[in-house]
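[1] From the sequence below, what's the structure:
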Amino acid sequence: MAKRGPKPRKPRILKVTKKPGTKTPRTYKHEHDKLLLRPDVGLQPQFKPKKPPTTYRYDRSLDPALSWDINADRERGEALIARVLNAANLDEARSAAAELQRMSRPFLNWAGKAERQEFGVPTLPLFIHERLSTQAILQSVKDRKRDKQQALALFGDEDLDVSDRLLKAYTHQTNWVNRLILGDSLVVMNSLLEFEGLGGQAQMIYMDPPYGVRFGSNFQPFVRRRDVRHGDDEDLTREPEMIQAYRDTWELGLHSYLTYLRDRVSLCRDLLSLTGSIFVQIGDENLHHVREVLDEVMGAANFVGQIAFQKSSGRVSDRVDAVYDILLWYARDRDSMRFRKLFKERTLEQIETAYNYVDLPDGTTRPLARGELEGIQPLPDGSRRFRPSQLYSQTGGESSSFSYEFAGRVFSTPRSGGWRTNREGLDSLAAANRLMARGQYLAFKMHTDDFPFVQLHNIWTDVLFTAFGTEKLYVVQTSPKVLQRCILMTTDPGDLVLDPTCGSGTTAYVAEQWGRRWITIDTSRVPLALARQRLLTATFPYYELRDASRGPGGGFIYRRRHNQKGEEVGGIVPHITLRSIAQNEPPEEEVLVDRSEVESGVVRVSGPFVVEATIPTAIEVEPAAREGQIADATAETDPISRMLEVLRKSTTLRLTGNQVVTFKNIRRPARAMDLHAEGAMANGNERSVAFVFGPEHGPVTEQLVFAAAKEAYLKNYAHLFVVGFAVQPGASKLIQTCEQVVGLPATYVQATMDLVMADLLKTTRASQVFSVTGAPDVRLIQLKRKNGDGPLYRVELRGLDVFDPVTMQNDHRKGDDVPAWFLDTDYNDLVFRVSQAFFPRTSAWDNLKRALKGAYDDSVWEHLAGTVSEPFASGESRKIAVKVIDDRGNELMVVQSLDESEAER
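    Model prediction:
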């Protein structure tokens, strides 16, 4: 059962009970890494710079089939042949021949591929919607008043006035902050390349695309539900990053999926550094096709490996159960790629299987007895277990092929090889009691403690989610251990990690844990809501920094350490080898990159991060059809026509409590100025209703709502539906109070972003392209107690009010029945800076509470899990903003002036 927040009560003024030895939360800072300044979302209407769409050309390929069609690639091939024939020198001929050879490689073909020689991507800016910092939240509830300079530092921001934030956008270097980005990954990656110049800067990319399986089996449409069932109407999502990948949604099925994948991997390649790697996680259904696409885009020569990792323990099935997924690993340039070896402790099973001999204290050697092999009988004190290892090399020459006398016998090398060391080396091995005779050959004794680790191979069976481990947050969540290995193998602290398929935010979480910078992208609001909560409430070890002034970019500290048993437990471990013994050299040292030194007494939390989105410069929707205007408009060319067409096909609007509203007779109104559609509600007595559509690339504005509501009232419509992709706080407030202000009730209807996909979507009976959202019901109270010279305030989330057009009443959801809500105690109309974060349904803050061990009074944590804020003082703007996250990840915001507060009773 979900944990409920506390009932509204009088606030307890925060008691900071910090005690000696209490752990203090700290973060890592990437101060030597910079970003171009992105504009705040509040500046979106004033942001004018635009860039044309970017065109990416696919690699040229020569189709081996005889065709009389005009083909630009074949023309290119003929031109290269002419260059070879007419070359002035050998180098020129070789250059043309190499390109011709590359074009002639076999390639995977699919429907629509030959017709597309290139693809275009809108070049859109990114706007910052939220700034988040766990440190800032804890500081806010401790001090009650936000200190401007301190807040800027904690949020990773700098002190710039409004004009500088606007005019210096995308030109001014600012502090690095990690980034959660809402938007189509193709558009976002293009923005990173074209607006920010991040090409060649990502050290690792982890991509977990939909596997191309059934629609609905690979996503999560609700924040709190992971039991997604294929084909269930209530479980379906309508968000494009998910929809595009599923073949049930596209006319060309798998063919469109391959195009989707090729386009995105192409941009990933451009973002990768020369030393970088990309991992693509995929199931076995389309593994072969995906690898062919990656060979084409990344280059077959840059294939590094294929890793199988176990994702489940199996279940009862009438066929062989699939318990693994695959990682396809490609380098940007295999010859230049960064690679760090990973090691695992040798398991007891590995020891028992291979290490079947023992050196006794008296210098003799024998095989293990059966009882010793089975672990029933202990080994003699002072004995060392070992296994015989090959002492010959297959590539030895004459200098390493000679006879050697040992223990009264003469041993020779095989005809096809030689010794792995010279004669002096063999003498050293014999003196160290490291040789043994096995039949007619000599062997090297490899002890278990020579190096008690084994290098990681490409089959990972120890990465399962377990019943006793961390609970999954997302239906297709990948084990953090998988991401950890990929990150540690291919990146160093401070490197940039990119994930264009956010999911539950595992890549960002693991990158944050290991001191890497990160960017993660998703079109669905649900994954971003889960990732936001996960990152805000996470705790991590504080790995000691080699150079504190450089942050993680200076590297971590590793030391050699032993426990009481003498076992190696540090990050530096000696590796005794045949060579080191034979040459009487100190053993080489291996660095175990997952064993950095941890600074005790420090709780580390996530560093500052932002939520951004690809909201283009606002384009107001043109007024509805005037005489002769847009008479020839089609769904493909006119946004209003497209919205009308979708509304006609998706006539059912789902409300809370399993209620529905059904529309009919949807059409354009005659001689309308600000209304875009009219129709009738078929529930009970038919009533005439009006519709107004927000801009395709921007939020619904207060002016748009007011103009449409006035016209709808004058024309005697019974109700106004405002349909939009986003809504400004002032517009949301006007919609909620429309009946009092204008005399006509109104409802805001959220349209999902997949509507921009136009004719590529299929519309089914389950299509839920619209959902009703409401406004937070907030109570702002001025307290009797004061902070210094000024009053204190508190906010109570009483719930969510959603107008039900069937009953003509407000449907009220209690405040403790929302996944999350956030408070900005000094809202500046530009960006939402989270001062306090609340998760009423869950115990999300419990880990941090335990880690801080009494640093804050229990009432603080009760508030952060409830519906009543901690007291706070007035900020410079004297305005607060409350943002509520609903079950579908929609963000509902209300802004209030402190002058509107009511006095505490």
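
[2] Would you map the strands across the stretch 51-200 of the chain?
    54-57, 118-121, 127-132, 173-175, 178-182 (DSSP state E, counting those that start in this stretch).

[3] would JSON lines of those with mean neighbour count, mean pLDDT and distance to residue 515 be doable?
    For the C-beta atoms, the positions are set from N, CA and C on the backbone; glycine is no exception. Below are these laid out as JSON lines (neighbours: other Cβ atoms under 10 Å; pLDDT from 0 to 100; distance: least, Cβ to Cβ, whole Å):
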{"stretch": "strand 54-57", "mean neighbour count": "12", "mean pLDDT": "90", "distance to residue 515": "33"}
{"stretch": "strand 118-121", "mean neighbour count": "14", "mean pLDDT": "88", "distance to residue 515": "32"}
{"stretch": "strand 127-132", "mean neighbour count": "23", "mean pLDDT": "95", "distance to residue 515": "19"}
{"stretch": "strand 173-175", "mean neighbour count": "15", "mean pLDDT": "93", "distance to residue 515": "16"}
{"stretch": "strand 178-182", "mean neighbour count": "24", "mean pLDDT": "95", "distance to residue 515": "11"}
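
[4] how about those in TSV, adding distance to residue 380?
    Listed next are these as TSV, based on distance: least, Cβ to Cβ, whole Å:
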stretch	distance to residue 380
strand 54-57	69
strand 118-121	70
strand 127-132	60
strand 173-175	62
strand 178-182	55
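
[5] Hmm, residue 693 and residue 676 touching each other?
    Yes - the criterion here is Cβ atoms under 8 Å, and residue 676 meets it with residue 693 at 4.9 Å.

[6] so how far is the longest strand anywhere in the chain off the chain centroid?
    Using DSSP state E to define each element, the chain has its longest strand at strand 790-804. Computed by Cα atoms, centre = their mean, to the nearest Å, the separation of strand 790-804 from the middle of its chain amounts to 31 Å.

[7] Using CSV, write out every CA atom in that strand.
    What follows is strand 790-804 as a C-alpha-only set of coordinates in CSV (Å, rounded to 0.1, in the frame of the first residue of the first chain):
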residue,chain,number,x,y,z
GLY,A,790,10.0,39.3,8.3
PRO,A,791,7.1,36.9,8.4
LEU,A,792,7.3,33.2,7.6
TYR,A,793,5.0,31.4,5.2
ARG,A,794,3.9,27.9,4.4
VAL,A,795,2.2,26.2,1.5
GLU,A,796,-0.3,23.4,1.8
LEU,A,797,-1.2,21.2,-1.3
ARG,A,798,-4.9,20.5,-0.7
GLY,A,799,-5.2,18.5,-3.9
LEU,A,800,-5.8,18.7,-7.6
ASP,A,801,-9.0,20.1,-9.0
VAL,A,802,-10.1,18.7,-12.4
PHE,A,803,-13.3,20.0,-13.9
ASP,A,804,-15.6,17.2,-14.9
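
[8] For the stretch 201-350 of the chain, give me the ranges with low pLDDT.
    211-253, 313-318 (pLDDT under 70).

[9] now the strands: where do they sit in it?
    202-207, 272-282, 303-310, 324-331, 343-345.

[10] Can you name every helix or strand that the third one contacts?
    Same thing as strand 303-310. helix 287-298, strand 324-331, strand 459-460 (3 or more Cβ pairs under 8 Å, 6 or more residues apart in numbering; DSSP states H and E).

[11] Out of the ones you listed, which gets nearest to residue 521?
    Nearest of the helices and strands packed on strand 303-310 to residue 521, taken as Cβ to Cβ: helix 287-298 at 18.5 Å.

[12] which parts of that closest one are buried?
    For helix 287-298, a neighbour-count test (16 or more other Cβ atoms under 10 Å) marks 287, 289, 290, 291, 292, 293, 294, 295, 296, 297, 298 as buried.

[13] and the angle from it to strand 202-207?
    Counting by axes from the mean of the first three to the mean of the last three Cα atoms, to 10 degrees, helix 287-298 lies at 150 degrees to strand 202-207.

[14] Run the chain-centre distance for helix 287-298.
    That offset, for helix 287-298, works out to 22 Å (Cα atoms, centre = their mean).

[15] That one to strand 324-331, inter-axis angle?
    Using the same axes, to 10 degrees, the inter-axis angle of helix 287-298 relative to strand 324-331 is 10 degrees.

[16] CA atoms only for helix 287-298 - export them in CSV, please.
    Provided in CSV are the C-alpha atoms of helix 287-298 (Å, rounded to 0.1, in the frame of the first residue of the first chain):
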residue,chain,number,x,y,z
LEU,A,287,19.6,-8.4,-32.8
HIS,A,288,20.8,-9.5,-36.2
HIS,A,289,19.2,-6.5,-38.0
VAL,A,290,20.4,-4.0,-35.4
ARG,A,291,23.9,-5.2,-35.7
GLU,A,292,23.8,-4.8,-39.4
VAL,A,293,22.6,-1.2,-39.0
LEU,A,294,25.3,-0.5,-36.5
ASP,A,295,27.9,-2.0,-38.9
GLU,A,296,26.7,0.4,-41.6
VAL,A,297,26.6,3.5,-39.4
MET,A,298,29.6,2.9,-37.1
